[in-house]
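Engineer: sequence first, then the predicted structure, then my questions.
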There are 2 protein chains.
Amino acid sequence: MKKDAILICTGCGKEFPLNRIHPRCAGCNEPLEVAYGRLAPVEIPARGTMLERYGDFLPFSVPRREISLGEGNTPLLRAGALAEELGMLSLFFKNETQNPTWSFKDRGTVTGLMHAVSLGITKIGTVSTGNMAVSVAAYGARAGLETYVLVSKGIAEEKIAPIAIHGPRLLTVDGDYGELYFRSIEVGERRGIYFINSDVPFRVEGSKTIAFEICEQLAFQAPAYVVVPTSSGGNFRGIQKGFEEMHRVGAIDRLPRMIAAQAAGCAPIATAFGRGGLTVERVKEPRTIAHAIENPFPPSGNQVLRKLREHGGLAVTVTDEEILAAQGLMAGTGIFGQPEGAVPLAAVKKLRAENVLEPADSVVCIVSGAGLKYMAALRLHRFEVRGVSIERLEEALVG
Amino acid sequence: MKKDAILICTGCGKEFPLNRIHPRCAGCNEPLEVAYGRLAPVEIPARGTMLERYGDFLPFSVPRREISLGEGNTPLLRAGALAEELGMLSLFFKNETQNPTWSFKDRGTVTGLMHAVSLGITKIGTVSTGNMAVSVAAYGARAGLETYVLVSKGIAEEKIAPIAIHGPRLLTVDGDYGELYFRSIEVGERRGIYFINSDVPFRVEGSKTIAFEICEQLAFQAPAYVVVPTSSGGNFRGIQKGFEEMHRVGAIDRLPRMIAAQAAGCAPIATAFGRGGLTVERVKEPRTIAHAIENPFPPSGNQVLRKLREHGGLAVTVTDEEILAAQGLMAGTGIFGQPEGAVPLAAVKKLRAENVLEPADSVVCIVSGAGLKYMAALRLHRFEVRGVSIERLEEALVG
């Protein structure tokens, strides 16, 4: 690993060596992040994988081992007609559904994996029931590492299969799911298993490449706002950090304002933000169709709150009805996201209606994962299908 | 459109103007293709969309209209460990599951759409029940065109939803599905609806970019073999054409040998090839788990046969059991393809066992679409899941 990077606590600033596996501060228990002593203003290469192109902003050299699945380099699509409909000049979708396992998780999985490999660790794991479980299982298979995926007891069969197909050691765990996050880290540290959970520092390092790509794709004119569906807070932290690093090296001349978008049925960060709180409180009975952002006690929640305050960000909630409507609206522009992938658009609609977003504001929505991941949501949409005989096809096409 | 391209019949060589909508020869009824008067050896730009980067090999200028969803530019992954297991030096997967609607179809949909738009046509359509229906619905939505998707009566509800979410005019048609392909073209021509069906010339122009990317990704050293899951024959034709054009401009110094891989339960091309036939015959009762390549009477079948003979290609069949085994094997390298996406690997295993493929042959498998598209296939796999209480987690991770 490179010598000029360290781990630093996002809460109290305490420093730790880069080879630390535990993702939280031994003092205040807040999450750690990678801090760079020197970041040079660089020319980002046009060709290459995400890891190769952004190597100057990552603490490792690209390994020889086959580790990448071709993550990142996803499209940023301008949605002109929809922007006009919403009374905005420019609206963009960053389509993370085109990653190897069809969600943004792959970016952070590969960087987490690189950390593990750089430390000589041969076993990885994760606690997840959704996108991250699939991603870690796939990358563990790619790298040929022993891979442990811990899911809740009672997980639906349809969620197990796309994880299991990659051949990890799959365990259904009976017990409190929130506790499992912390337990996995402890046990993993003792047993030499690197748990690439949702907000570990090296997963955040992967997520920041979303911001890098947005900067490049907008010719280094930062958008006014970036809207992130927010659960554990890891992806939010990564994207925020990416823009800060681009700003630090002088590639962009201002930071976009970040918007943490949450489902009304599970909004610990937005709730704390709304009441001016500094720490998140556990949501008792989370309930939303956007299951991938249904974390009742986000481990990076406090850090997201700090960043929102430090840089003038916003937090907003949207209802399941608004999420479903936004899913349909976004599909009407060609992009089929899973419910939480439509949460940013739902937030934009709401904030635009309230005139918090003004017509001239350029806005980027992060579409976090593919609609195919959660087909049950489609049963809540109404579709019109017409039957016709082949003989009467022409009439049907005219009428 | 550019002036130096025409349409030419793949069967009899008869020429047609580029603005022709009907995809087949008015004389011999074989499919048409785009022929270029001049193809200059060019420097392919490193940055840009697929349409921008390969503009010199396409008959249109990139339109101002928002038409692209960020198709193409998919990873080519070397599978070192699996190659070793199969006794090969190099095996690659071209992962088409990272396209906007998670299959290779998007490449040809966007070029078909460009043809329609260049002709001033505002209505598009397709006949499909799978990947192509989803793709055309998404791109029609993207471009804001009226979009007709014709599916068979009796299509499963789960197949309808991911098409319908994009808001096309969706018709279930009662009648012979094979006849519907031809009927849609006729009716479409009369009614101003451009049917971007599976093997129209401008869809083939999109598919050829797969070959272009493979050439770039292998530093213009053509692989020995490229294995394509083959149904209508349109994708096979496109990839073959792409390599021929790269060869013509001197970018590669030999053509790879193409392998048309089909499911044993629906193998009209491989059957005709095996008996030395020049034309495909309709399969009476197609039956395979690889539904996306279950075309019993492929409209480009004869042209695929001609190309196989002209360039020393091969055709091969694999059983459903072999396909499922290959799906699992490929997922064990990190790539979760739909059953037909695993057909090439199944073919490679078979041909390697028969020593048709030799250890030194470099082989590229085209992974045509995402495993999430057909989750029912996963029920045929056996997975091991272990239950554990959170208190006994550590024991379980050690044991």
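Structural biologist: Nice, I can see it. Numbers count the residues shown, from 1 in each chain, chains lettered A, B, ... in the order given.

Engineer: from residue B:119, how far out is the spatially most central residue of chain A?
Structural biologist: Chain A has residue A:235 as the residue nearest its centroid, 3.9 Å off, counting by C-alpha atoms, centre = their mean. Distance of residue A:235 to residue B:119, computed by C-beta to C-beta, to the nearest Å: 43 Å. C-betas here are computed from N, CA, C, even on glycine.

Engineer: repeat that for residue A:398.
Structural biologist: Taken as C-beta to C-beta, the span from residue A:398 to residue B:119 is 19 Å.

Engineer: helices along the stretch 251-399 of chain A, start to end?
Structural biologist: A:268-274, A:301-311, A:320-331, A:343-353, A:393-398 (DSSP state H, counting those that start in this stretch).

Engineer: packing partners for the lengthiest helix in chain A?
Structural biologist: Secondary structure assigned by DSSP state H gives helix A:201-217 as the longest helix of chain A. The contact analysis (3 or more C-beta pairs under 8 Å, 6 or more residues apart in numbering or on different chains; DSSP states H and E) places helix A:201-217 against strand A:32-36, strand A:76-78, strand A:90-95, helix A:105-118, helix A:234-248.

Engineer: what sits against residue A:116?
Structural biologist: For residue A:116, the contact set (C-beta atoms under 8 Å, 6 or more residues apart in numbering or on different chains) comprises A:124, A:145, A:194, A:196.

Engineer: host element of the nearest residue to the first one once chain neighbours are set aside?
Structural biologist: Leaving aside its sequence neighbours, residue A:124 sits nearest to residue A:194 (C-beta to C-beta, 6 or more residues apart in numbering or on different chains; 4.9 Å). Residue A:194 is part of strand A:193-195, with elements assigned from DSSP states H and E.

Engineer: what comes into contact with that strand?
Structural biologist: So strand A:193-195 is contacted by A:21, A:112, A:115-116, A:119, A:121, A:123-127, A:148, A:184-185, A:187-188, B:397 (C-beta under 8 Å, 6+ apart).

Engineer: in helices, which of these appear?
Structural biologist: Reading helices off the contacts of strand A:193-195 with DSSP H, I get A:112, A:115-116, A:184-185, A:187-188, B:397.

Engineer: who wins for proximity to residue B:49 among the helices and strands packed on helix A:201-217?
Structural biologist: strand A:76-78 (10.3 Å; C-beta to C-beta).

Engineer: what's the residue of the stretch 201-350 of chain A found nearest chain B sitting at in phi/psi?
Structural biologist: For the stretch 201-350 of chain A and chain B, the shortest gap (C-beta to the nearest C-beta) falls at residue A:334, measuring 3.3 Å. Per-residue torsions, residue A:334: phi 110, psi 0 (degrees, to the nearest 10).

Engineer: surely it meets residue B:134?
Structural biologist: No: counting by C-beta atoms under 8 Å, residue A:334 stays clear of residue B:134, with 10.6 Å between them.

Engineer: quick one: buried ones out of the contacts of strand A:193-195?
Structural biologist: The neighbour-count criterion (16 or more other C-beta atoms under 10 Å in any protein chain shown) marks A:21, A:112, A:115-116, A:121, A:123-127, A:148, A:184-185, A:187-188, B:397 among the contacts of strand A:193-195 as buried.

Engineer: for the record, mean pLDDT for the longest helix of chain A?
Structural biologist: Model confidence over helix A:201-217, given as mean pLDDT, is 98.

Engineer: what residues does the stretch 1-150 of chain A have near chain B?
Structural biologist: Contact residues (C-beta under 8 Å from any C-beta of the partner chain) of the stretch 1-150 of chain A with chain B: A:46-47, A:49, A:66, A:68-70, A:73-75, A:77-81, A:95, A:97-102, A:125, A:138-139, A:141-142, A:144, A:148, A:150.

Engineer: give me the below-cutoff pLDDT ranges for chain A.
Structural biologist: For chain A, the stretches with pLDDT under 70 are A:1-3, A:41, A:399.

Engineer: same thing but at 90, please
Structural biologist: A:1-4, A:38-43, A:46-49, A:59-66, A:128-130, A:152-159, A:175-179, A:181-182, A:398-399 (pLDDT under 90).

Engineer: and residue A:138, that's in a helix?
Structural biologist: Yes: inclusion of residue A:138 in a helix is indicated when DSSP: H, G, I helix; E, B strand; the rest coil is applied.

Engineer: so it touches residue A:100, yeah?
Structural biologist: Yes: applying C-beta under 8 Å, one finds residue A:138 in contact with residue A:100, separated by 6.5 Å.

Engineer: now do the shared contacts for the two.
Structural biologist: A:69, A:106, B:334-335.

Engineer: neighbour-wise, which of residue A:334 and residue B:134 wins?
Structural biologist: residue B:134 (31 against 28; other C-beta atoms under 10 Å in any protein chain shown).
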